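Participant: need a structure here:
(2 chains)
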Amino acid sequence: AQKITQTQPGMFVQEKEAVTLDCTYDTSDPSYGLFWYKQPSSGEMIFLIYQGSYDQQNATEGRYSLNFQKARKSANLVISASQLGDSAMYFCAMREASTGTASKLTFGTGTRLQVTL
Amino acid sequence: GAGVSQTPSNKVTEKGKYVELRCDPISGHTALYWYRQSLGQGPEFLIYFQGTGAADDSGLPNDRFFAVRPEGSVSTLKIQRTERGDSAVYLCASSLAPGQGYYSSYNEQFFGPGTRLTVL
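Facilitator: Numbering: from 1, shown residues only, chains lettered A, B, ... in the order given. As a prediction, the model looks like this:
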């Protein structure tokens, strides 16, 4: 079974609108962390936001927020007030604590976001 | 300060040849990771170093792949007898070790720009 599932291969959003990118995950580990990364066409992975499994509140970082629904095992990324520079691939990733605090990330297949005028 | 750097940015080789890919992590980061990203996919974990030792090499696909980090800083990913299926972008990332610094709670991984390997 896939550990991280991103069901939207591509999304379009108009500039200044909000968009939600979906991510569901699968783990039996009670302690885990969820990450979102942005990958522009240049190829570099840029960290956006993190949510820990024990965090009581949804994470927020500027225009990025994470809609964390633990019972549903979903961690959707919400980008508010989209900008043209937000056009990129977005990856959801998970680290399971059983494999160590500084250990591997498991990534989804990504969602390509295109922001239009 | 400088981010993670990788050289070369592009490498074209012929099937059966040997290649080395280099990663220079952020200064002070003791954890270093290698990932491979095939076209249209997310990065896949290859190997993780804590200091000089490989703490987890479970992602290396076969014994043609090997990585070293002799002094706990720069790492080299080595691929022997390359195959066309090895063509991908190889990403390196580094992070602080557990307990170090502000990010100790989740140890964000900082990625380099990648090396695009093409095996003809």
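
Participant: contacts and neighbour counts: CA atoms only from here.
Facilitator: Fine.

Participant: so which elements touch the helix or strand hosting residue A:115?
Facilitator: Using DSSP states H and E, residue A:115 sits in strand A:111-116. Packed against strand A:111-116 by the contact rule (3 or more C-alpha pairs under 8 Å, 6 or more residues apart in numbering or on different chains; DSSP states H and E) you find strand A:10-14, strand A:88-96.

Participant: next, the buried residues of the helix or strand just after the first one.
Facilitator: Scanning the chain past strand A:10-14 towards its C-terminal end, the next helix or strand to appear is strand A:19-21 (assignment: DSSP H and E). Judged by neighbour count (16 or more other C-alpha atoms under 10 Å in any protein chain shown), strand A:19-21 contains these buried residues: A:19-21.

Participant: average model confidence for strand A:19-21?
Facilitator: Computed over strand A:19-21, the mean pLDDT rounds to 98.

Participant: do you know how far residue B:78 is from chain A?
Facilitator: The gap separating residue B:78 from chain A is 20 Å, by C-alpha to the nearest C-alpha, to the nearest Å.

Participant: that residue touches residue B:34, doesn't it?
Facilitator: No - using C-alpha atoms under 8 Å, residue B:78 makes no contact with residue B:34, being 11.3 Å away.

Participant: so for these two, which sits in the more crowded spot?
Facilitator: Shown here are residue B:78 and residue B:34; by other C-alpha atoms under 10 Å in any protein chain shown, residue B:34 has more neighbours (27 against 16).

Participant: I figured the more buried one was touching residue B:48, is that so?
Facilitator: Yes - between residue B:34 and residue B:48 there is a contact at 6.5 Å, judged by C-alpha under 8 Å.

Participant: show me what contacts residue B:67?
Facilitator: By C-alpha atoms under 8 Å, 6 or more residues apart in numbering or on different chains, the contact list for residue B:67 reads B:47, B:75-78.

Participant: so what's it bridging to?
Facilitator: Beta-bridge partners recorded for residue B:67 (DSSP bridges): residue B:77.

Participant: now do residue B:115
Facilitator: residue B:90.

Participant: measure it to residue B:4 for me?
Facilitator: Applying C-alpha to C-alpha, to the nearest Å, the value for residue B:115 to residue B:4 is 12 Å.

Participant: returning to what we had before: how far does the strand holding residue A:115 sit from the chain's center?
Facilitator: 14 Å (C-alpha atoms, centre = their mean, to the nearest Å).

Participant: dump the C-alpha coordinates for that strand into PDB.
Facilitator: Extracted in PDB, the C-alpha atoms of strand A:111-116 (Å, rounded to 0.1, in the frame of the first residue of the first chain):
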ATOM      1  CA  THR A 111       0.600  17.600  -7.600                       C
ATOM      2  CA  ARG A 112       1.500  20.000 -10.300                       C
ATOM      3  CA  LEU A 113      -0.100  23.400  -9.500                       C
ATOM      4  CA  GLN A 114      -0.600  26.000 -12.200                       C
ATOM      5  CA  VAL A 115      -1.600  29.500 -11.100                       C
ATOM      6  CA  THR A 116      -3.300  31.500 -13.900                       C
END
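
Participant: quick revisit: just the buried ones from the contacts of residue B:67, in ChimeraX syntax?
Facilitator: Applying 16+ other C-alpha under 10 Å to the contacts of residue B:67, the buried members can be selected in ChimeraX as follows:
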select /B:47,75,76,77,78
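
Participant: now flag whichever of the contacts of residue B:67 is closest to chain A.
Facilitator: Proximity of the contacts of residue B:67 to chain A (C-alpha to the nearest C-alpha) peaks at residue B:47, which lies at 8.1 Å.
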